[in-house]
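S.K.: Got a predicted model here, sequence first, then my questions.
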Amino acid sequence: MNLYDSLPDAAATVFGAEAVGSFAYDVLTVDVPVGSWISSLEIARDKLGCTYFDWLSAVDEPGTGFQVCAHVVSLENHRVRRLLLRTTVPHAAASLPSAVAVYAGAQWHERETFEMFGVIFTDHPHLVPLLLPENFEGHPLRKDFVLAARVAKAWPGAKEPGEAHDPDAPKRRQMLPPGVPDPNDWGPLKGQLPPAPTRPARTPRAAGGAGAPARTPREGAPVRRTRSVAEGSATQAPPAEGDAPVRPVRRSRSVADGSASQAGPPGPATGAPDEPAAPPPAGRGSDAPWHDPKPAFEEPAPAATPAPPPAQTPTDGPAPDKSPDETPDKKPDTAPGKAPAKKPDPAPGSESTPDPTPDNGGDA
């Protein structure tokens, strides 16, 4: 079994009696004292195979000190094994031996940690600022670092809408985010501002305490009733006994059954006793329009063709003149009791067949 697999239980055996191993955020973590910092890094490199240096930084823990962390990785047999070594230096003496002799890649990381937290790494070859400008004062990642820009310019949420236009308007309690000191304690206006108004103490009744006295009702006020939502408003009189309206039984109907107000089709009037009607077929309710689809635009029905008028029989004499008052559809009057003569229909083929005998002037 690899020595890495015995951690964190064997942390005291591998790194010394004062080492404490644990799993923090799914990473194998070993806390060592300041005096064992360099030796613990050498054990991680030589015995555990953590030859890859990832990063080094610090965390400002108020009341405890600066927690310096080094993250190293083992890549043996194509398997990634991570280890986080930690040690804590006090705020008053923030000093730690440099790890450049063990991991050369720690040089820039220690410069950044020195710049941001003020931790001094002894025996560092070139401990100078890395990211900040030359004349920058302070260490930005410390919890006690003052955000000077927020002192020169008010915090965006320090005023309510309308307070800037009306200086006499009531102001709410000032809010100071972390890292922003009171302008009356630090900055160009130190000692020149009036003290911030304090919020009045809350009374036991306003605070909702158990010992708060009950409110005394005013004279002539009705007794306050405690009613639930189901009981209705206090102004609604309860129904008298025996006069309560009888509610019909609630019927459970599906969409296919239609509304409860839709009456079913009348059955045959027979003397037989009423039998339970057969349930309607599923999916064929009268209130479901998709069961009887209709086109959006219906085509008009073709108009009926009027019948042709009957043909009139021609006469030998001249046709009588029609007066302007007569309509074309009016038929000539016939004698009472006498039917009009009808011309017999010609035999099929007799109208279109010409006479084959030539006309030679009457000579035979």
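M.R.: The structure has been received and is ready for your questions. Note that the coordinates shown come from a computational prediction; the quantities given were computed from them, not determined experimentally.

S.K.: from here on, contacts and neighbour counts on C-alpha atoms
M.R.: Noted.

S.K.: and the nearest residue to D31 once chain neighbours are set aside, how far is that from L41?
M.R.: Among residues not flanking D31 along the chain, R86 sits closest, at 4.8 Å (CA to CA, 6 or more residues apart in numbering). According to CA to CA, to the nearest Å, R86 stands 10 Å off from L41.

S.K.: what does stretch 123-136 contact?
M.R.: With contacts defined as CA atoms under 8 Å, 6 or more residues apart in numbering, stretch 123-136 is touched by 97-98, 100, 107-108, 110-112, 114-115, 121.

S.K.: in the protein, what secondary structure element scores lowest on mean pLDDT?
M.R.: Lowest on mean pLDDT, DSSP states H and E among the helices and strands of the chain sits helix 204-207, with a mean of 55.

S.K.: which stretches of the stretch 251-364 of the chain aren't confidently modelled?
M.R.: Residue ranges of the stretch 251-364 of the chain with pLDDT under 70: 251-293, 298-304, 306-307, 309-364.

S.K.: my guess is A11 meets T29, correct?
M.R.: No - judged on CA atoms under 8 Å, A11 makes no contact with T29 at a distance of 9.5 Å.

S.K.: Which residues are in contact with each of the two?
M.R.: Common contact partners of A11 and T29 (CA under 8 Å, 6+ apart): G21.

S.K.: Show me the strands in the stretch 51-200 of the chain, by range?
M.R.: Ranges of strands in the stretch 51-200 of the chain, per DSSP state E, counting those that start in this stretch, are 52-61, 65-74, 81-89, 95-97, 120-122.

S.K.: can those strands go into JSON lines with extra columns for mean neighbour count?
M.R.: What follows is the strands of the stretch 51-200 of the chain, written out as JSON lines (neighbours: other CA atoms under 10 Å):
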{"stretch": "strand 52-61", "mean neighbour count": "18"}
{"stretch": "strand 65-74", "mean neighbour count": "20"}
{"stretch": "strand 81-89", "mean neighbour count": "20"}
{"stretch": "strand 95-97", "mean neighbour count": "17"}
{"stretch": "strand 120-122", "mean neighbour count": "17"}
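
S.K.: can you tell me which of the ones you listed comes nearest to K190?
M.R.: Among the strands of the stretch 51-200 of the chain, the nearest to K190 by CA to CA is strand 52-61 (27.4 Å).

S.K.: which other residues reach that closest one?
M.R.: For strand 52-61, contacts defined as CA under 8 Å, 6+ apart pick out 66-75, 103, 105-106, 109-110, 112-113, 117, 141-143.

S.K.: between the strands of the stretch 51-200 of the chain, which gets nearest to G21?
M.R.: strand 81-89 (9.4 Å).

S.K.: and the closest one, what does it pack onto?
M.R.: The elements that strand 81-89 packs onto, with contact taken as 3 or more CA pairs under 8 Å, 6 or more residues apart in numbering; DSSP states H and E, are strand 27-31, helix 37-46, strand 65-74.

S.K.: Next, the residues that contact the last one from outside, please.
M.R.: To tie it back to what came earlier, the one meant is strand 65-74. Taking CA under 8 Å, 6+ apart as the rule, strand 65-74 contacts 44, 48-61, 80-91, 94, 117, 119.

S.K.: packing partners for the lengthiest helix in the chain?
M.R.: When the chain is scanned for its longest helix (criterion: DSSP state H), the result is helix 106-117. Judged by 3+ CA pairs under 8 Å, 6+ apart, helix 106-117 is in contact with strand 52-61, strand 120-122.

S.K.: Which stretch among those approaches F15 most closely?
M.R.: Among those, the nearest to F15 by CA to CA is strand 52-61 (18.2 Å).

S.K.: May I have the strands that pair with that closest one, each with its orientation?
M.R.: Strand pairing for strand 52-61, determined by DSSP bridges: strand 65-74 (antiparallel).

S.K.: The partner strand versus helix 106-117: what angle between them?
M.R.: Strand 65-74 runs at 160 degrees relative to helix 106-117, counting by axes from the mean of the first three to the mean of the last three CA atoms, to 10 degrees.

S.K.: pLDDT of strand 65-74, averaged?
M.R.: Per-residue pLDDT values across strand 65-74 average out to 96.

S.K.: same check, this time on stretch 17-25
M.R.: The predicted model assigns stretch 17-25 a mean pLDDT of 91.

S.K.: Straight-line length of it, end to end?
M.R.: Distance between the two ends of stretch 17-25: 24 Å, counting by CA to CA.

S.K.: for that stretch, which positions count as buried?
M.R.: Residues of stretch 17-25 classed as buried: 19-22 (neighbour count, 16 or more other CA atoms under 10 Å).

S.K.: Which strand residues bridge F121?
M.R.: Beta-bridge pairing for F121 (DSSP bridges): L96.

S.K.: Which one of the helices and strands packed on helix 106-117 lies nearest to A221?
M.R.: Closest to A221 of these is strand 52-61 (CA to CA; 60.1 Å).

S.K.: Next, the angle from that closest one to helix 37-46.
M.R.: Going by the same axes, to 10 degrees, strand 52-61 makes 150 degrees with helix 37-46.

S.K.: per-residue confidence averaged over strand 52-61?
M.R.: Per-residue pLDDT over strand 52-61 has a mean of 96.

S.K.: Strand 81-89 and that one, what's the angle between them?
M.R.: Using the same axes, to 10 degrees: strand 52-61 against strand 81-89 is 40 degrees.

S.K.: Kindly export strand 52-61 (C-alpha atoms) in PDB.
M.R.: The C-alpha coordinates for strand 52-61 follow below in PDB (Å, rounded to 0.1, in the frame of the first residue of the first chain):
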ATOM      1  CA  TYR A  52       4.000  19.000  -8.800                       C
ATOM      2  CA  PHE A  53       3.700  22.400  -7.000                       C
ATOM      3  CA  ASP A  54       0.200  24.000  -7.700                       C
ATOM      4  CA  TRP A  55      -0.100  27.100  -5.600                       C
ATOM      5  CA  LEU A  56       0.600  28.800  -2.300                       C
ATOM      6  CA  SER A  57      -1.500  31.500  -0.600                       C
ATOM      7  CA  ALA A  58      -2.800  32.600   2.800                       C
ATOM      8  CA  VAL A  59      -6.100  33.200   4.600                       C
ATOM      9  CA  ASP A  60      -6.600  35.900   7.300                       C
ATOM     10  CA  GLU A  61      -8.300  34.300  10.300                       C
END
